[in-house]
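Participant: Quick one, structure for this:
(chains A, B and C)
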Amino acid sequence: MISFNGLVAICLAYVVLLFAVAFTADRLARLGRGRWLRSPLVYTLSLSIYATAWTFYGAVGSAVRSGLEFVAIYLGPSIVMFGWWWLLRKLVRIGRSQRITSVADLISSRFGKSNLLAVLVTLLSVVAATPYIALQLQSVTVSFEVFGASTTAGAGAEARASNSPTAFWVALGLALFTVIFGTRNLDANERHHGVVMAIALEAVVKLFALMTVGIFVVWGLSGGVPETLARIEASELGQWQIDGGRWAGLIFLSGAAFLCLPRMFQVLVVEAADEDHLRTASWAFPAYLLAMSVFVMPIAVVGLDLLPEGSNPDLFVLTLPLSQGAEGVAVLSFLGGFSSATSMVIVAAIALSTMVSNHIVMPLWLRLTGGRASISGDVRNVVLTARRVSIVSIVLLGYVYYSVSGGGAALAAIGIISFVGVVQVLPSMIGGIFWRGATRTGAIAGLVTGSVIWLYTFFLPSIGLPIFSETLMAEGPAGLSWLRPQALFGIGGIDPMLHALLWSLSLNSLAFFGGSVLSFPSPVERLQGAQFVNIFQHSGGPRSWASGVAQTEDLLIMAQRILGPQEAIALFAREARAQGGRGDLPEPRPDFLETLERELAGSVGAATAHAMIGQIVGGTSVSVQDLMAVADESAQLMEYSARLETQSAELSRTARQLREANDKLTRLSVQKDSFLSQISHELRTPMASIRAFSEILRDSGGLSEAEQSKFASIIHDEAIRLTRLLDDILDLSVMENGRVHLNLREGRLSEVLDRAVASAAAGEGKGAMEIRRNRATEDHAITTDLDRLAQVFINLISNAQKYCEAARPRLTIRVQDLGESLAIDFIDNGHGIPREARDVIFEKFSRISDQKAGGAGLGLAICRQVLERLGGTIAYMPGEGGAAFRVMLPRGAALAAAE
Amino acid sequence: MSQPPDPRARPPAFFLERQTYRRRRLQDAARLLPVIGIFAWLVPLLWPRSGEEAPLMGSALVYVFTVWILLIVAGALLSRRLTLRDAAEAERGLE
Amino acid sequence: MSKRLLLIEDEPNIIEAISFILSRDGWQVTSHVSGRDAVDRIRREAPDVVILDVMLPGKSGYDVLQEIRNDDALSGLPVLMLTARGQDKDRELALRAGADRFMTKPFSNTEVLEAVRAMVPAA
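Facilitator: Presented below is the predicted three-dimensional model:
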């Protein structure tokens, strides 16, 4: 028989092994080696903290008491794992992209970073977990006692256990281990390689232990599988006698608790190294649970057979091998139970301490220190201290609960009570990640309602005296029978677990829904809601947890947004040099954070700066970053759109100019084209006459003298016309080249006009156009090339004659004395010149349209050239009714310059 | 489940389309798995309780564990073929 | 009775030349100087053949021809087009507009005479 001291020695050796494993894993992780630390297998094994001492020992007890019910506790989590595609995938993605640190953080973050919610969830979790931790301490202590008093095989072990110092030492040892490996670092994402590795090892140990006991029982004691099955059916447990409500209720409850338990959330989401590990765990973890439960029934049945009446079935796993003298198996079994208890306490303590320090201690500390927070300094130490104190407190709280309650309650019962407590988070959690309409008010209402009902109907009654008297249980508070704790609204006779689960969860959900529908969310809530619900659109695909450097990068990104890119990079580089490191990114050490915070405080104020750094370093979450990203993006968008607007205005201006230039070019090119045919027409017309009449003269006999003379003079006139046309072309070309000779003379404007009118009328030969003049205004002495000026006037008058389409064409010639110069206007009563043609009428070869026959299109071009030579201008005057041209002529002085 | 077809054996476009389609159906299967589990494990509710007709504990045990094993095997087969990366891409495109 | 020809042309010297040539051949020639009311004049006089200049004041020869061809009563009227613009596209335009003949200025008197004769079947 192994001695108590021997057992303690084995225990210590085992703990030393755990320390070594955790230490090595931490070390490897820090060195960046050991990628196997983050393998799917380790992830799956770490999930096994679901199977605590409650299930290790208690499952057999449960099987003895209520048959197959114990399996339901494993079926729930199995279904959740099989359904990873629905829920866990989303939860893990949210966890990593929002840097969620705990269940409380998840709920708080989702509902607009409400600290009140975080506090509520934290308190609920602590209250629910404390008895659970007590349960673990009890199981370890009791199992010690079993060995200490091996003769009685556990019958009186519990009573003695609560008085022994074992529980205290175990609690202390666990707290120490947790503090050492659970608060090594302050990573925003709270990964603990050492702890995870240690619990993975413990998972293997407890599975191996239970399997060994099972194999020992089935093949060692029963003689094989068929015999065992026969034995089961022969036993008092031989029939299916499960309560249907409890069966379904337990499957649901265990599945929900699997998601909501702080320690499960810790390993499922927070410690998840890679989203992809879920894939493996989705079937491997149910397999693990199956292996854990497959031997429970045989052990229970054989235990009932072989052990004396009244033996505690919760300890069959231990006492059965012991009673058969298989000490090795018993010790192994003991280690399995020990592993189950310790791993649960460690992870629960880490998870709870994170919640307590982040959501209760830190906000309190920040409030107490007030604005001095950024000056007084070492936030990191405060956080670490808060966590360490929290861990010790939580474990000790469990110990105190254990001592005070005196233990003894059936292990499984406590577990169920705890489960019903934590699942109160479920409506807020599921609602929060699938329903955008969920609000903070709804979450608070649901949580409070559910928790109160749970406390009232299940938790407090389980404690019983002195809080809940028997009268209260039987008759309700103040005789209100419809408020009896286990028969709310007068509906009694339900299983207490089902009763509590049904009422708490349904009213919780109702309050959650009602509160959400009736309230209006704040902007942060809506932002977070959108990000959570649509996580697969928001997050940029699966990512691994960021390392410490990434955290510094986050800080840099944030600092850049507040301080400006150059300044921020300079600051970080300076700090990195001060730390003596290589590269431009400093380690996120407290002194650096303090400096950074002070810098930021200059821009955004101390409180905000502190909150911001806390968001990143303290790991509460990063949604302030998201908010900033949103603000940042909208600022960029605004700037960008303003820039776009300017550019587009510029572009459309340029485009308009281009279009105008292009139109002008096109018109000019059309004119140049049409000039060829125009000049051809102008040349061919007189040539046609010349040829026709010369042929007549040559070929036709019998022409009269008069005819001969007339035809000859026509030929002569047309020849002259040709010459004149060629002269015009040459003239224009010469003037354009600036080699024109001016014949300056003194004269009177009225005389030049007289000459022009007479000449134009002669050319027209019809005299249909009325010409209005005011001779009194025309009497000005001018010094210029009178012939050229007359040419201009003739051109303008004959243009009017050619193009004026009025029924009674009329041309008004108006002379105005403008002092330095004279303005001579030629205004007809026709349709005028269309706007689009005004640009080009002064160009060479320009004719407004093909239909309007006339000159070669050189007239106005020549006019312009002439006036340029004479120091004047010619322009079209819009708005005069018909076509209107204004000739500006200098009084003489300007001519010298032009000469 | 057969091996995915050799990409060289078919035109690329057809191959991709087929692959995406397969992935979607695998996702559907993954969604269905827990539903099957719930139904199968709630079947014992229909069994008569106690009395002569109540099934023996042995057969109940065998039933529950058989369902469990089948689900594990199905889950393992599914998870082999279903990668998160592809799924996330598919979903972003889909939703 | 002699055939009647209407000459639509704005250039007086060319009117004189063509009138002289065709009169001597026995044609009864009248002339019209503007494009605007040319079709009205054609309807009034109902000539056997029309010589039409392209570059007319008021309305281009092409438009006049178009109008002629669109008028059921006139659609068969033989038209000789004259143009001083000797480019290929002008010939094309004229023929597409429905001219029976097309001549470029300066023209040969003989050619005009023969063209006019050819267009009108002997009475």
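Participant: Just give the number of residues close to the residue nearest to A:Ala806 when sequence neighbours are not counted.
Facilitator: On the basis of Cβ to Cβ, 6 or more residues apart in numbering or on different chains, the spatially nearest residue to A:Ala806 that is not a chain neighbour turns out to be A:Asn829, at 4.6 Å. Heads up, the C-betas are built off the backbone N, CA and C, glycines and all. If you count neighbours by other Cβ atoms under 10 Å in any protein chain shown, A:Asn829 ends up with 21.
Participant: Is chain A within reach of the helix or strand of chain C with the lowest mean pLDDT?
Facilitator: Using mean pLDDT, DSSP states H and E, the weakest-scoring helix or strand in chain C turns out to be helix C:88-97, at a mean of 78. Yes - for helix C:88-97 and chain A, the contact criterion (Cβ under 8 Å from any Cβ of the partner chain) is met by C:Asp90.
Participant: The next helix or strand after that helix near chain A anywhere?
Facilitator: Reading on from helix C:88-97 to the C-terminus, the next helix or strand found by DSSP states H and E is strand C:101-104. Yes - in terms of Cβ under 8 Å from any Cβ, part of strand C:101-104 sits within range of chain A, namely C:Thr104.
Participant: Mind listing the strands strand C:101-104 pairs with, and their directions?
Facilitator: Sheet pairing for strand C:101-104, assigned by DSSP bridges, gives strand C:79-83 (parallel).
Participant: What's the mean pLDDT across the strand it pairs with?
Facilitator: Averaging pLDDT along strand C:79-83 yields 88.
Participant: can you list the residues of chain C near chain B?
Facilitator: With Cβ under 8 Å from any Cβ as the criterion, chain C does not meet chain B at any residue.
Participant: Do a quick rundown of the strands in chain C.
Facilitator: Using DSSP state E, the strands of chain C run over residues C:4-8, C:28-32, C:49-53, C:79-83, C:101-104.
Participant: Switch these over to TSV; also include mean neighbour count.
Facilitator: TSV is the format used below for the strands of chain C (neighbours: other Cβ atoms under 10 Å in any protein chain shown):
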stretch	mean neighbour count
strand C:4-8	23
strand C:28-32	18
strand C:49-53	26
strand C:79-83	25
strand C:101-104	19
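Participant: Just give me the neighbour total for C:Arg44.
Facilitator: Counted with other Cβ under 10 Å, the neighbours of C:Arg44 add up to 10.
Participant: Could I get the CA-only coordinates of the longest helix seen in chain C as CSV?
Facilitator: Longest helix in chain C by number of residues (criterion: DSSP state H): helix C:12-24. What follows is the C-alpha trace of helix C:12-24 in CSV, where atoms were taken according to Å, rounded to 0.1, in the frame of the first residue of the first chain:
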residue,chain,number,x,y,z
PRO,C,12,-25.1,86.5,-117.2
ASN,C,13,-22.3,85.8,-119.6
ILE,C,14,-22.8,82.1,-119.5
ILE,C,15,-26.6,82.5,-120.0
GLU,C,16,-25.8,84.6,-123.0
ALA,C,17,-23.3,82.0,-124.4
ILE,C,18,-25.6,79.0,-123.9
SER,C,19,-28.7,80.8,-125.2
PHE,C,20,-26.8,81.8,-128.3
ILE,C,21,-25.6,78.3,-129.1
LEU,C,22,-28.9,76.5,-128.5
SER,C,23,-31.0,79.2,-130.2
ARG,C,24,-29.0,78.7,-133.3
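Participant: name the helices or strands packed onto that helix?
Facilitator: For helix C:12-24, the helices and strands in contact under the criterion 3 or more Cβ pairs under 8 Å, 6 or more residues apart in numbering or on different chains; DSSP states H and E are helix A:623-699, helix A:705-736, strand C:4-8, strand C:28-32, helix C:109-119.
Participant: same thing but 10 Å
Facilitator: Applying 3 or more Cβ pairs under 10 Å, 6 or more residues apart in numbering or on different chains; DSSP states H and E, one finds that helix C:12-24 makes contact with helix A:623-699, helix A:705-736, strand C:4-8, strand C:28-32, strand C:49-53, helix C:109-119.
Participant: Buried deepest among those, which one?
Facilitator: With neighbours defined as mean count of other Cβ atoms under 10 Å in any protein chain shown, those peak in mean count at strand C:49-53, which reaches a mean of 26.
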